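J.: Mind looking at a prediction? Sequence and model below.
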Amino acid sequence: MIKLSAMQEFDQIIDRHHRRKSKHFIRHTVLYFSVTLFYPIQSRVRCTPPLCQDRTPDWSSTVARNGRVCHGTMTQCRRGYRSEQAMVTRRKAYLTQPLFKYIGNKYRSAGRIVDRFPKSYRFYFEPFFGSGAVLGELRPKRSIVSDTCAPLISLWQLAKCNPASLISSYTSNWEAYTENRQSAYDRAKDRFNEKPNAHDFLFISRACYGGVIRFRRDGYLSTPLGPHKIIHPNKFARRLKDWNRIIANTDFVCADFAEITSMAESDDIIYCDPPYVDTQKIIYGAQDFSLDRMYRELEKSKEKGAFIALSIDGIKRSGNKAVRILPPSDLFAVECYLTLGGSMLKRFSRGGSDVTDEHIKDRLLLSDDFLLQDDLF
């Protein structure tokens, strides 16, 4: 069989349709050139079935048996597969810079998480708000977020209503930090432990070791100073200006997660990023957190018609450790594993050296699948 050139194939299309200027002809022609022009780009995005042997965890969850499962950097939905790279580029990525350092934040995966949310919704709820990476990527018009850490919520309230006070206090702490790093950090930590406040919390989060906000059971913040340099006040002010615009329509509440999830109704989104039970038992003051209690509250919200998304422990140590957590069988329908690269905490502890043996994948559970068939290719 003689292989025709692209121009010969195009001439045949013209002859076949007798040069009719019909909608069908135009659609056929545009489709032909789209495939011809963009095939070299698509061919570089490798899409292979995600359930191959080297990507599958050594355990089988209820979601894996009854729902759709996504592993590695791939997303499996309905009839086909598509790469995370393609999924992210279909939507405008904001890539918002964090206002403060916070271990376990979702800035590396926020875009991929938001791509799995429904395109239309009423309210956005996030009961474990932290550094707000997912909200910064989603940028909802109406949202209610919460955290049990009062200084953190106070920080966000100031970022919304009185950003100048945060810039002033951060600049003062930064000037003291440039003169004597350890002394400035110790004074801020002593002030915070004597009377927890948003201003010292901000500075400590930027200067502490790896962004690890670690509390003892008695509420004492015990994180040591980190080896890195904190950002300049001018850079912080630019980030704060961006966040002030993003959170203009967000309400911040210092409350237990159950108070926030109970507000959700039909067509609302609830995204949860709770303390990871495998690695974060002493971080964020999470010693008393109950995963089972959270499941019960989320089931109530799902019954009312809310969409639920949950980030939770996944695969660690470059595939050598899979955290076995089984959610209720009827709560989630889709399971994804999002590749995050090397562990940030391990990179800090090793002084920036190689962490290829400590690559991790976050586990994302979804109550429904909103990655439509039309978005697959």
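T.: Nice, I can see it.
J.: ranges for the strands of the chain?
T.: According to DSSP state E, the chain carries its strands in the segments 68-69, 74-77, 80-83, 124-126, 143-147, 250-254, 269-272, 307-316, 321-322, 334-342, 359-366.
J.: Which one of these lies nearest to Glu179?
T.: Nearest to Glu179 among the strands of the chain is strand 143-147; the distance by C-beta to C-beta comes to 32.5 Å. Yep, even glycine has a C-beta here, placed from its N, CA and C like the rest.
J.: partner strands of that closest one, parallel or antiparallel?
T.: The pairing partners recorded for strand 143-147 under DSSP bridges are strand 124-126 (parallel), strand 250-254 (parallel).
J.: Alpha carbons of the longest one, in CSV - could you do that?
T.: Listed in CSV are the C-alpha atoms of strand 250-254, where the atom choice follows Å, rounded to 0.1, in the frame of the first residue of the first chain:
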residue,chain,number,x,y,z
THR,A,250,-13.6,33.9,52.1
ASP,A,251,-14.8,33.6,55.7
PHE,A,252,-12.2,32.3,58.2
VAL,A,253,-13.4,30.5,61.3
CYS,A,254,-11.5,29.0,64.2
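J.: got a list of contacts for that strand?
T.: With C-beta atoms under 8 Å, 6 or more residues apart in numbering as the test, strand 250-254 has contacts from 129, 135, 140, 143-150, 153-154, 156-157, 160, 259-260.
J.: if you set the cut-off to 7 Å instead, what comes out?
T.: 135, 143-148, 150, 153, 156-157, 260 (C-beta atoms under 7 Å, 6 or more residues apart in numbering).
J.: Filter those down to the buried ones.
T.: With burial judged by 16 or more other C-beta atoms under 10 Å, the buried subset of the contacts of strand 250-254 is 135, 143-148, 153, 156-157, 260.
J.: Sort out which one of those lies nearest Tyr102 for me.
T.: Closest to Tyr102, out of all of the buried ones among the contacts of strand 250-254 and judged by C-beta to C-beta, is Asp147, at 10.6 Å.
J.: What is the burial count for Cys97?
T.: No, residue 97 isn't Cys; it's Gln. 14 (other C-beta atoms under 10 Å).
J.: cool, Ala188 as well?
T.: 25.
J.: In terms of pLDDT, where does it sit?
T.: pLDDT for Ala188: 97.
J.: I'd assumed Thr261 was in contact with Leu298.
T.: Yes - look at Leu298 against Thr261 with C-beta atoms under 7 Å: they come within range, at 6.3 Å.
J.: And for the closest residue to Phe332 other than its chain neighbours, the neighbour number?
T.: Spatially, and ignoring its direct neighbours in sequence, Phe332 is nearest to Leu365 (4.1 Å; C-beta to C-beta, 6 or more residues apart in numbering). Look at Leu365: counted by other C-beta under 10 Å, it has 22 neighbours.
J.: returning to that earlier point: for Ala184, find the nearest of the strands paired with strand 143-147.
T.: Of all these, strand 250-254 comes closest under C-beta to C-beta, at 27.4 Å.
J.: average pLDDT across that closest one?
T.: Averaged across strand 250-254, pLDDT comes to 97.
J.: Extract the CA atoms of stretch 261-269 and return them as CSV.
T.: Taking C-alpha atoms only, stretch 261-269 is exported to CSV below (Å, rounded to 0.1, in the frame of the first residue of the first chain):
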residue,chain,number,x,y,z
THR,A,261,-18.7,20.2,57.1
SER,A,262,-22.2,20.4,58.7
MET,A,263,-22.8,23.7,56.8
ALA,A,264,-22.4,22.0,53.4
GLU,A,265,-25.4,21.3,51.3
SER,A,266,-26.2,20.0,47.8
ASP,A,267,-23.8,21.2,45.1
ASP,A,268,-21.1,22.4,47.6
ILE,A,269,-17.5,21.2,47.6
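J.: Any buried residues in it, and which?
T.: Neighbour-count burial for stretch 261-269 [16+ other C-beta under 10 Å]: 261, 263-264, 268-269.
J.: Can you work out which residues contact both of Leu298 and Thr261?
T.: If you check Leu298 and Thr261 against C-beta under 7 Å, 6+ apart, the residues they both contact are Ile270.
J.: Nearest to Ile312 among the buried residues of stretch 261-269?
T.: Of all the buried residues of stretch 261-269, Ile312 sits closest to Thr261, with 15.6 Å by C-beta to C-beta.
J.: show me what contacts that closest one?
T.: 125, 127, 270, 297-298, 301.
J.: Let's see that with 6 Å instead.
T.: 127, 270, 297, 301 (C-beta atoms under 6 Å, 6 or more residues apart in numbering).
J.: Return the member of these nearest to Pro224.
T.: Using C-beta to C-beta, Pro127 comes nearest to Pro224 of the contacts of Thr261, at 29.3 Å.
J.: I'd like to know how many residues surround the closest residue to Ser165 other than its chain neighbours.
T.: Of all residues not flanking Ser165 in the chain, Leu158 sits nearest, at 5.8 Å (C-beta to C-beta, 6+ apart). For Leu158, the neighbour count with other C-beta under 10 Å is 19.
J.: Repeat that for the one 5 residues further on.
T.: Residues near Pro163, counting by other C-beta under 10 Å, number 15.
J.: I'd assumed Trp243 was in contact with it.
T.: No - applying C-beta atoms under 6 Å as the test, Pro163 and Trp243 come out as separate, 8.3 Å apart.
J.: Helices along the protein, start to end?
T.: Under the criterion DSSP state H, the chain contains helices at 6-16, 23-43, 62-66, 84-89, 110-114, 133-138, 150-161, 163-179, 181-194, 198-207, 233-246, 257-261, 291-303, 344-349.
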